[in-house]
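1. I would like the atomic coordinates for the input below:
(2 chains)
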Amino acid sequence: MPRHERARRQPAGSDGLRARGLRFLGQQRRVVARLVLWSVLETAQTFLMGYALARALDEGFLRGRTGVGLGWLGVAALAVAVGAYGTGRVYRAVAALVEPLRDRLVERVVARGVRQAEGGALSALTQQVEIARDTFAGVVMVSRSFVFTAAGALIGLASLAPPLLLVVVPPLVVGVGLFAASMRPLAHRQEAFLVADERLADRFGDVCTGLRDVTAGGAEEQVAADVGERVEAELRAARSLARWGIPRVASIAVGGQLPIVLLLLTAPWLLRSGVTPGALVGALAYVTQSLLPALQNLVHGMGTSGSRLAVVLRRLVPAGPAAVDGTGPDPRPDHTPERAPALTVSGLTFAYGPTCAPVVEGLTLSLPQGTRLAVVGPSGIGKSTLVSLTAGLLDPRHGTISLCGHPVPGDTAHAHRVVIPQEAYVFSGTFAENLGCLRPDPVPESELLAAAEAVGLAPLLARHGGPGGRVDPAALSAGERQLIALTRAWLSYACVALLDEATCHLDPEAEERAERAFASRAGTTLVVVAHRIASARRADRVLVMDGRQCAYGTHDELLERSSLYRDLVGSWSAAPSGPSQPALALRDTDGVDAVAGAGLAGDGRHVVAHGSVGEVQAAGYLRDGRPLRGE
Amino acid sequence: MTTTTHGRPAPTQNPASPLRESVRRTGARCAVLFLVATVSTGLSLALPLTLGRALDMLLTHPDGTGAMRWVLWCAGIVLLLAVLDAVETVLGGTTSAHATAWLRHRLTGHLLAVGPRAGERFGSGELVARLVGNAAQAGTAPASLAALLAALAGPVGAVVALGLLDPWLAAVFLAGAPLLALLLRTFTQDSSRCVADYQEAQGRIAGGLSEAIGGSRTIAACGTADREVARVLRPLPELTRAGHRMWHVQGRAAARAVALAPLLQLGVVAVAGVLLVRGRLTVGEMLAASRYAVLAAGVGVLVGQLSGLVRARASARRLGEVLAEPVTPYGSRRLPPGQGRLELRGVTARRGGRTLLDGVDLVVPGGSTLAVVGRSGAGKSLLAALAGRLADPDDGTVLLDGVPLPELDHDELRRAIGYAFERPALLGDTVADTIGFGVRAAPPDRIRAGAAAARADTFVRRLPDGYATPCRDAPLSGGERQRLGLARVLARDSRLLVLDDALSSLDTVTEHQVVDALLNHSPGGTRVIVAHRVSTAARADSVAWLDGGRVGAVGTHARLWRERGYREVFADGEG
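-> Numbering: from 1, shown residues only, chains lettered A, B, ... in the order given. Sure, this is the predicted structure:
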């Protein structure tokens, strides 16, 4: 599901974001207390800026006592310095609030990325988390600043002359109320704009990478119209957002500027009721220099940062508990029923969705322990799906699977098998870490070396300085990575090894050696999704997958029974055996032995050529790195 | 060569500066904005003095009508300022939005009119960055320009006003102001190091995460997700430390910055106080001076505005570079009846100073199939691009049924020639859309038939919503994408089919079936197939062997197979 859809359907603040935010602040009580403490210094500064000015006038300059006036101003200057120190400390307190949030978000994004293989996790990590960090800090800063500045100013007004409060407070309350009321619709507009912007950026991405396809298809007009529609949609959202600037301006005018006019209008009354000229000037200073800027920052800061924060948090932390799985490496499987087949499949049916065509339908087979099974068939026919089902990574719609007598999925079955997919996983770390990560405890070095020797990793291991050497995944070839993954699997305690094209980047000799290593490993049953005909020929049993029908038997039986198998074998082995014999004979079943023939690549020995497998479109993300309009 | 642009995104001929053009496009708005901003600045400069005068009058004659008049003036100015502010906010936002939208329309139209050349020249990622980021930035230019004079007049006017009140006031301010610039500079110097540390730690986490995402199947199968998460998160404490340091530095800088403006202001007030005692200023004028000091300190905002404008100009220049790329012109001729005879006459094509194709002469008879083979880098893909006018040769002519390609009408050309690629872009919202994508969308039954012929039907029907599955939500392998691309050409009838390595990710059985479909498709049509596999070349009527920018030989596969060099082409084609 496109994530912006989800974001759009949920109105701001209605998904427990506020509750979760409050819970977070509750957990950070001590930091919040620190933040309040340092913010009080700013309150003091605000207070003194107006109060000292009033005193400087009343007791100093207006009485001709320059020294007293300058003294009061000096006090104010001191307050500024102290307040500035407070500001510095406030940043640290904000850091203590923001960094834990960022840490949590990073943890969640990484956990989700690793568990669900979300390509979008990367942009979430580098961009959305940073947006959340910045906007959260911004929201904390402006809202805190408003509260403490307003407090300082109001205390100041009260101590200069309480009637001043009567003039200043009502419009301020109305202004803030007006802003609060406009927050939600404004946040909606802001969010609508972000979504439109993101959709537009996605479409630009599609078009720019597909210019060649657009030209080739002659579809310039349609594409221009389609992009144009999104540009217009974004424009509409931007205009609507701009119009919602009016309530913002209005709330500033009422809350911050109206008090100035009111102070002047009521001045005769105020002066009569004992307010000094200095106090009047001080009150004007409070309004113009403290309240108005603080209100402006609040309105602008909350209006943009607040809604961006809400959008981004809702994407990063979708409601609902995080999935927990992965109990760590399996222990040594303790109990294996003696005579149970290594793999039993009965009546297995699977489809990816309720309305989709099934990938596997009614499959039944049994594989004795210690044997080798090769699975063959055209690409995309469902061989990997079958491996995933066998491994318990997918749940069948109908039918049952058991590994060594243990039902799949299940913890005991889990411990009995190891899966090596085509895309070998190698991480930055040492060889020992990479090879031993399927074992609960550290693997002795001698065992590591023996495994490397058996599978064929020894030369690579020696080149990198043994088990302690560092692995840089990017510097390894695909074949070298596969060797590491194979050795790791060989070292695991599992007795059924599922090789899903796990040797496709190895040359035929290396492949044979690796397969032999598993076959000669004590009590090991091998299931190989075959990449070359040789794998099928080495196997005791072959499963040919062809849409819903499958054929199961030995190599020779299948040559008799399955025309697809004959096709596959033919095409695998139809290398031109001499200069004068072009490879035309796809259906030739006689040339089985020509595999090692001319030794030419491209001779059809590869069942599956490896293009960019698993190119999954990254989900859309909130783009940043440029200012949003209206900021 | 004639240029027709009937209804197609019309490229403008003169590559004028996009900045100037976007200002002209939003001219009326900009004029109003300029007026509003200027009046608004004038009023905010008048306000402190009016306020001061009102205060003075109130203090001397609290109940006089004179005082009331000044108070009403103040009220009027404040009200007007609020109204103008609202107008400016809305107008500023919409002007930028309009300018941005206009730039994007213009740029998209131009890119589409240029075609694949634009992608090669700039890179698709860069183009997206320009369409998204630079267009948005350049779009702010008209509004910022319109408000620039006003933004400049604010601080300058405030300093002048200080000077008019008393020269000493301006002097105090001007003496203190340079500190501001100095302090802002130290901030940028300090922060860059911990920002780098932060990004480095973040990069390490991202690196680990990307490795783990690549190995997700292994991790899921082994149930070691927790361990992997812990490993990826190992640099997190460093990230946290660097993050805290960033806030510390920022806090120090902010502390200095927040202190500066109030201290400047207090300095001005102190001088004003002294002048008040000496009778050279009134209380109201002192209040005005303190306000002017704040306004004048707004010079920092001006710096930000100016640098924004500079960035917008740089962005506009980058857009201008794209717009300067000439568009691809089309003719108006139609094709005579024919079977798609393709002819290359003395075709030369250079890329980046290298001649990739050098005087290639080649005729593909109508209705026949030609395989193009050659070592990687031999110019096969370029030849395929030239054959259907995805690019124009630097020299020579390409003709289809006797008509030079550039003379053909756009729709006629694109309907006549179908393309399939090694990595097709999946355009359109759903899988069905991406198969039907073209001059005119293919009808649903043809889409199904095309998918079936390309052996894509089976896996498409297994997708969650079948043909209606959004492409974004469909996890497709390279081979599956390729089959969708093949379905696209097999869903329509073309006189000439060009397959640029479009079978490379298929397994051999599927490839055989798809080639069958291609050979039986649109009987009478011509096919050009760039191939890496012997089996494909063997099934073509003839093979063109490219070597060193020239056609080394044309002949049947059986005949060419006798040549050692020809056989070696296949030896290093595929690993």
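2. pretty sure residue B:502 sits against residue B:484.
-> No - distance between residue B:502 and residue B:484: 10.7 Å, which falls outside the contact criterion (Cβ atoms under 8 Å). From N, CA and C alone the C-beta is placed, and that goes for glycine too.
3. compare the two and say which is more crowded by neighbours.
-> More neighbours surround residue B:502 than the other of residue B:502 and residue B:484, with 28 against 24 (other Cβ atoms under 10 Å in any protein chain shown).
4. before we move on, back to that, now the common contact residues for residue B:502 and residue B:484.
-> For the pair residue B:502 and residue B:484, residues contacting each of them under the criterion Cβ atoms under 8 Å, 6 or more residues apart in numbering or on different chains are residue B:424.
5. enumerate the residues of the stretch 351-500 of chain A near chain B.
-> A:351-353, A:355-359, A:378-381, A:391, A:393, A:414, A:418-421, A:423-429, A:437-438, A:473, A:485 (Cβ under 8 Å from any Cβ of the partner chain).
6. how many residues are close by residue B:127?
-> Should you count by other Cβ under 10 Å, residue B:127 turns out to have 23 residues around it.
7. cool, and the one 10 residues further on?
-> Under the neighbour criterion other Cβ under 10 Å, residue B:137 is assigned a count of 25.
8. so how far is residue A:97 from the nearest residue to residue A:25 once chain neighbours are set aside?
-> Taking Cβ to Cβ, 6 or more residues apart in numbering or on different chains, and ignoring the residues beside it in sequence, residue A:25 has residue A:32 as its nearest neighbour in space, at 5.9 Å. Plainly put, residue A:32 is 7 Å away from residue A:97 if you go by Cβ to Cβ, to the nearest Å.
9. by average pLDDT, which secondary structure element in chain B comes out worst?
-> Of all regular secondary-structure elements in chain B, judged by mean pLDDT, DSSP states H and E, the least confident is helix B:178-214 with a mean of 77.
10. any residues in contact with both of residue A:32 and residue A:97?
-> With contacts defined as Cβ under 8 Å, 6+ apart, the residues shared by residue A:32 and residue A:97 are residue A:25.
11. the more surrounded of these two?
-> Set residue A:32 next to residue A:97 and count neighbours by other Cβ under 10 Å: residue A:97 wins out with 20 against 17.
12. low-confidence stretches in the stretch 51-200 of chain B?
-> For the stretch 51-200 of chain B, residues meeting the criterion pLDDT under 70 lie at B:180-181, B:183-191.
13. where do the helices sit along it?
-> Counting by DSSP state H, counting those that start in this stretch, one finds helices in the stretch 51-200 of chain B at the ranges B:65-114, B:116-122, B:124-129, B:135-139, B:141-165, B:167-176, B:178-214.
14. got it, and the stretch 351-500 of chain B?
-> Secondary structure of the stretch 351-500 of chain B by DSSP H, counting those that start in this stretch: the helices cover B:380-387, B:410-416, B:431-436, B:444-453, B:457-461, B:478-490.
15. follow-up on the earlier one: pretty sure the residue nearest to residue A:25 contacts residue A:94?
-> No - checked against Cβ under 8 Å, the pair residue A:32 and residue A:94 is beyond contact range at 10.5 Å.
16. domains of the chain: list them as residue ranges, please.
-> No chain was given, so I picked chain A. Under the assignment named as automatic domain parsing, the residue ranges that make up the domains of chain A are A:17-316, A:343-561, A:562-608.
17. can you look at chain B instead?
-> The record's domain split for chain B, according to automatic domain parsing, is B:1-153+B:300-329, B:342-571.
18. chain center to the helix or strand harbouring residue A:202, what's the gap?
-> Residue A:202 belongs to helix A:163-209 when assigned by DSSP states H and E. With Cα atoms, centre = their mean, to the nearest Å as the basis, helix A:163-209 stands 26 Å off its chain's centre.
19. now do it, average pLDDT.
-> For helix A:163-209, the mean pLDDT works out to 90.
20. how close does residue A:73 sit to residue A:470?
-> In this view, residue A:73 and residue A:470 are 64 Å apart by Cβ to Cβ.
21. the two - which one has more neighbours?
-> Between residue A:73 and residue A:470, residue A:73 has the larger neighbour count (other Cβ under 10 Å), namely 21 against 13.
22. isn't the more buried one right up against residue B:269?
-> Yes - contact criterion Cβ under 8 Å: residue A:73 and residue B:269 qualify, at 6.3 Å.
23. shared neighbours of the two, anything?
-> When Cβ under 8 Å, 6+ apart defines a contact, the residues bordering residue A:73 and residue B:269 alike are A:53, A:56.
24. could you pull up the residues touching the residue at minimal distance from the centre of chain B?
-> The central residue of chain B, meaning the one whose C-alpha is nearest the mean C-alpha position (Cα atoms, centre = their mean), is residue B:128 at 2.3 Å. Contact partners of residue B:128, counting by Cβ under 8 Å, 6+ apart, are A:201, A:204-205, A:208.
25. how many other residues sit next to residue B:64?
-> Residue B:64 is flanked by 13 other residues according to other Cβ under 10 Å.
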